[in-house]
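A.B. asks: From the sequence below, what's the structure:
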Amino acid sequence: MAKPDNATGADLHPKTTEDVLNAVAWAAGEKLPLEIIGQGSKRSLGHTMQTVHTLNMSGLSGVTLFEPEELVLSAKAGTPISEIVDLLDEHSQEMQFEPMDFGPLLGISSGQGTLGGLISTNFCGPRRLKVGSARDHILGVTAISGRGEMFKSGGRVVKNVTGYDLSKGVTGAYGTLAVLTDVIIKVLPKSETEQTLVLNGLSDQQASHAMSVAMGSNAEISGAAHLPAGIGGTSSMTLLRLEGFAPSVEYRIGNLAKLLGEFDRQQKLDNTTSGDKWQQVRNCTPFSSCQDRCVWRISCVPSEGYKIAAAISNTTSVEHFYDWQGGLIWMQIEDAENSKSDLIRAAVRSNGGGHATLVRASTAIRNNVSVFEPQAAALAALSRRYRENFDPFSILNPGRMGN
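C.D. replies: Presented below is the predicted three-dimensional model:
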């Protein structure tokens, strides 16, 4: 098979699904590894790869279906997230899992992410503790496997899957199983307003307790985060977000403030101020200024988060803050030459378990540590068989996930 016509040097620039199919089929036939990118906003996530060609999906862009009344949207994989957000804003709708913008954290311009990259990495924001991640909002995909074969999974409604739901399987696979060409997602109405109750001056342990009490109440919390002193300001800030209709939010935040009356340094953030603060949490803005430092994303048992942070902080100098009621720790290592991977993973294992992902690091560090949490032998074998069925020649983002 001849090299596709839509090629510029080592880069392939498909414009249609058929172009993608031809490009992957050609690469599979020649056993040539491909790097799959959209706008390249998450290019530095994962391990570095040795690839011959780049399959640039940015030309495969555009919303192909949007039915506001049915709460469904379909778009090409290269469609910018910013374009989708603008369209949904016009109809007071949103992707409720709050897509994270990696630009500031990874030292590039904001607003560069694409729908395909979002689904391939499965990242989400503070509302995950209430509505789930991107995987929970995907309805269907069209994709090209590493065999050079097109397949479709799911559709425009939730109850449309029999057998294996492949759209869930490729979500979070970092492009190692298939090249997404079209994605269908569920969208939902935006809340009329939001407010955030702030508890000032709490320690990490006190904040963990306060967030647990709030999540166990009937306040319907949609975000629970804690910014230690130096991250949120001169004093620590524990953030509890409430969303919905204005009278309901006002009533619920009043009750929540009373429930947490033992913490008397309270304040309320209005709709705009609250939105700005949660955007900073979602995009890990506090760690965007020191690009030479390693950043870890630690997912753990919420009640154990502060113990993990303490175990690490007692041994090395770090900055950290919490999201997901303490179940997500963002941690910046002040030693730019050392990722502290052994220390971090030992602390996680000793305090309830979980997984730690190295999100930002130099190329040298990424080449010498496990970026993703090492899998148990049985799970690693299952993952390998799954991958071999989709990409038997290992041509799609080979080695990006370290296996």
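
A.B. asks: contacts, neighbours, all on C-alpha from now
C.D. replies: Fine.

A.B. asks: Domain boundaries for the chain, per the record?
C.D. replies: Per the record, the chain has its domains at 1-190, 193-282, 285-366, by automatic domain parsing.

A.B. asks: Just send those back as CSV, with distance to residue 402 and mean pLDDT too.
C.D. replies: Below are the domains of the chain laid out as CSV (distance: least, C-alpha to C-alpha, whole Å; pLDDT from 0 to 100):
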stretch, distance to residue 402, mean pLDDT
domain 1-190, 6, 90
domain 193-282, 26, 96
domain 285-366, 10, 95
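
A.B. asks: For residue 398, which of the ones you listed is the nearest?
C.D. replies: Closest to residue 398 of the domains of the chain is domain 1-190 (C-alpha to C-alpha; 6.5 Å).

A.B. asks: and that closest one, how far out from the chain's middle?
C.D. replies: Offset of domain 1-190 from its chain centre (C-alpha atoms, centre = their mean, to the nearest Å): 13 Å.

A.B. asks: Use 634 as the first number from now on
C.D. replies: Got it, the first residue is 634 from now on, which makes the last one we talked about domain 634-823.

A.B. asks: Helices of the chain, residue ranges please.
C.D. replies: Using DSSP state H, the helices of the chain run over residues 650-663, 714-723, 736-739, 748-754, 761-764, 799-803, 837-848, 879-892, 904-915, 938-946, 974-983, 996-999, 1010-1023.

A.B. asks: Most tightly packed of those?
C.D. replies: helix 748-754 (a mean of 26; mean count of other C-alpha atoms under 10 Å).

A.B. asks: Which elements pack onto that helix?
C.D. replies: strand 705-709, strand 811-819 (3 or more C-alpha pairs under 8 Å, 6 or more residues apart in numbering; DSSP states H and E).

A.B. asks: Other residues contacting the first one?
C.D. replies: Counting by C-alpha atoms under 8 Å, 6 or more residues apart in numbering, strand 705-709 makes contact with 693-700, 748-749, 789, 814-820, all of which sit outside it.

A.B. asks: now swap in the last one and tell me
C.D. replies: In this structure, residues lying in contact with strand 811-819 by C-alpha under 8 Å, 6+ apart are 650, 653, 669, 693, 704-711, 728, 748-749, 770-779, 788-789, 803, 1023-1024, 1029.

A.B. asks: hang on, isn't residue 762 packed against residue 848?
C.D. replies: No: using C-alpha atoms under 8 Å, residue 762 is not in contact with residue 848; the gap is 9.5 Å.

A.B. asks: Please name the spatially closest residue to residue 1035 (chain neighbours excluded).
C.D. replies: residue 680 (6.1 Å; C-alpha to C-alpha, 6 or more residues apart in numbering).

A.B. asks: swap in residue 858?
C.D. replies: residue 956 (4.3 Å).

A.B. asks: Kindly report the same for residue 735.
C.D. replies: In this structure, residue 735 finds its nearest non-sequential neighbour in residue 916, 6.3 Å apart by C-alpha to C-alpha, 6+ apart.

A.B. asks: before we move on, back to that, what touches both of residue 762 and residue 848?
C.D. replies: With C-alpha under 8 Å, 6+ apart, residue 762 and residue 848 have common neighbours residue 958.

A.B. asks: List the contacts of residue 739.
C.D. replies: By C-alpha under 8 Å, 6+ apart, residue 739 lies in contact with 675, 677, 921, 924, 993.

A.B. asks: beta partners of residue 816?
C.D. replies: With DSSP bridges applied, residue 816 shows beta-bridge pairing to residue 708, residue 774.

A.B. asks: What's the local residue count around it?
C.D. replies: If you count neighbours by other C-alpha atoms under 10 Å, residue 816 ends up with 28.

A.B. asks: Quick check: it vs residue 826, distance?
C.D. replies: Separation of residue 816 from residue 826 (C-alpha to C-alpha, to the nearest Å): 29 Å.

A.B. asks: same thing with residue 773?
C.D. replies: Distance from residue 773 to residue 826, by C-alpha to C-alpha: 30 Å.

A.B. asks: and what of residue 660?
C.D. replies: Applying C-alpha to C-alpha, the value for residue 660 to residue 826 is 50 Å.

A.B. asks: before we move on, what about residue 717?
C.D. replies: Residue 717 sits 21 Å away from residue 826, going by C-alpha to C-alpha.

A.B. asks: what does residue 787 give?
C.D. replies: 33 Å.

A.B. asks: what's the answer for residue 899, then?
C.D. replies: Using C-alpha to C-alpha, residue 899 is found at 20 Å from residue 826.

A.B. asks: what about the two, which has more around it?
C.D. replies: Neighbour count, other C-alpha under 10 Å: between residue 899 and residue 826, residue 826 has more, with 19 against 15.

A.B. asks: Surely that one is in contact with residue 876?
C.D. replies: Yes: Residue 826 is within contact range of residue 876, at 5.9 Å (criterion: C-alpha under 8 Å).

A.B. asks: Please identify every residue contacting each of those two.
C.D. replies: residue 882.

A.B. asks: follow-up on the earlier one: from what I see, the residue nearest to residue 1035 and residue 1034 are in contact.
C.D. replies: Yes: under the contact definition of C-alpha under 8 Å, residue 680 touches residue 1034, with a separation of 6.2 Å.

A.B. asks: any common contacting residues for these two?
C.D. replies: With C-alpha under 8 Å, 6+ apart as the test, residue 680 and residue 1034 both reach residue 1004.

A.B. asks: the more surrounded of these two?
C.D. replies: Each of residue 680 and residue 1034 has its neighbours counted (other C-alpha under 10 Å); residue 680 has more, 24 against 20.

A.B. asks: so what's the more buried one up against?
C.D. replies: 999-1000, 1004, 1032-1035.

A.B. asks: What is the nearest of those to residue 835?
C.D. replies: For those, the minimum distance to residue 835 (C-alpha to C-alpha) is 32.1 Å, reached by residue 1004.
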